[in-house]
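Asks: missing the sequence, but the structure's below:
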Ligand code: AMP
């Protein structure tokens, strides 16, 4: 099953994708993680894109598409994958359409109030990228990743100025992507209400799975 999960920063897409992945035995492919790994590797490409990411801007469509294309060719993605953070522009959606066909798009609708609260309390493992939240999703030991023992940090682009820029980018660049998939009848809307800011991720994942199971194509 080939899935996309779309939502603004802080909508929980990474957190939910990490939980949906083992249920269907498909890898979570996060464009942001692929990009951060490229930067960490110190490659020429990594050096070129680092300043763009630090400012909270989008890297060029062709570059991110190349990274995703290479990743979905790996053997663990043969049965499918859940793409998180890609495509983020209409151009990327069109480029992806040439590479593979998508079965469903999970569209997370989350009030801005919840988003701002979540991002300001979000921590990410600098080693394995697992996401935590100091209020709703605490690690067992403060500042340390449960999975790999890595250090938990606040990402540079989770700082207030970058967040505002990224939310604006979502409105202008990513909304057309949702329309593109809606026209193809692929969108599953998952709405989180104002009073559900602290809802455990597992509850939302249940809602997503329930809707996915209703899809005929679901295998
Ligand atoms: P994320 O981890 O999804 O919040 O992404 C972190 C940063 O990586 C973004 O702010 C962008 O700079 C870059 N990025 C991630 N996904 C994409 C994409 N699909 N297209 C362009 N840039 C991206």
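Replies: Received the coordinates, thanks. The shown structure was predicted, so the numbers you read here are calculated from the model rather than taken from an experiment.
Asks: so where's the longest helix in this protein?
Replies: helix 201-214 (DSSP state H).
Asks: and that one, which residues are buried?
Replies: Applying a neighbour-count criterion of 16 or more other CB atoms under 10 Å, the buried positions in helix 201-214 are 201, 204, 205, 207, 208, 212. Every C-beta, even on glycine, is put in place using the N, C-alpha and C of the backbone.
Asks: residues contacting the fourth one?
Replies: Residue 207 makes contacts with residue 190, as judged by CB atoms under 8 Å, 6 or more residues apart in numbering.
Asks: Next, the contact list for the closest residue to the ligand within the chain, please.
Replies: Among the residues of the chain, residue 32 lies closest to the ligand, at 2.0 Å counting by CB to the nearest ligand atom. Neighbour list for residue 32: 14, 84, 85 [criterion: CB under 8 Å, 6+ apart].
Asks: which one of these has the most neighbours?
Replies: Taking other CB atoms under 10 Å to define a neighbour, the member of the contacts of residue 32 with the most is residue 84, carrying 25 neighbours.
Asks: Who does that residue form a beta bridge with?
Replies: residue 5, residue 30 (DSSP bridges).
Asks: Tell me how far it lies from residue 15.
Replies: In this structure, residue 84 and residue 15 are separated by 10 Å, where distance is defined by CB to CB, to the nearest Å.
Asks: Repeat that for residue 90.
Replies: 26 Å.
Asks: Stretch 66-83 vs the ligand: in contact?
Replies: No. Using CB under 6 Å from any ligand atom, stretch 66-83 stays clear of the ligand, coming no nearer than 7.8 Å.
Asks: buried sites along that stretch?
Replies: 67, 68, 71, 72, 77, 80, 81, 82, 83.
Asks: quick one: which two of these are the most distant?
Replies: 67 and 80 (18.4 Å; CB to CB).
Asks: who touches the residue nearest the centre of the chain in this structure?
Replies: In the chain, the C-alpha closest to the average C-alpha coordinate belongs to residue 84, at a distance of 3.2 Å (CA atoms, centre = their mean). Residue 84 makes contact with 5, 13, 14, 17, 28, 29, 30, 31, 32, according to CB under 8 Å, 6+ apart.
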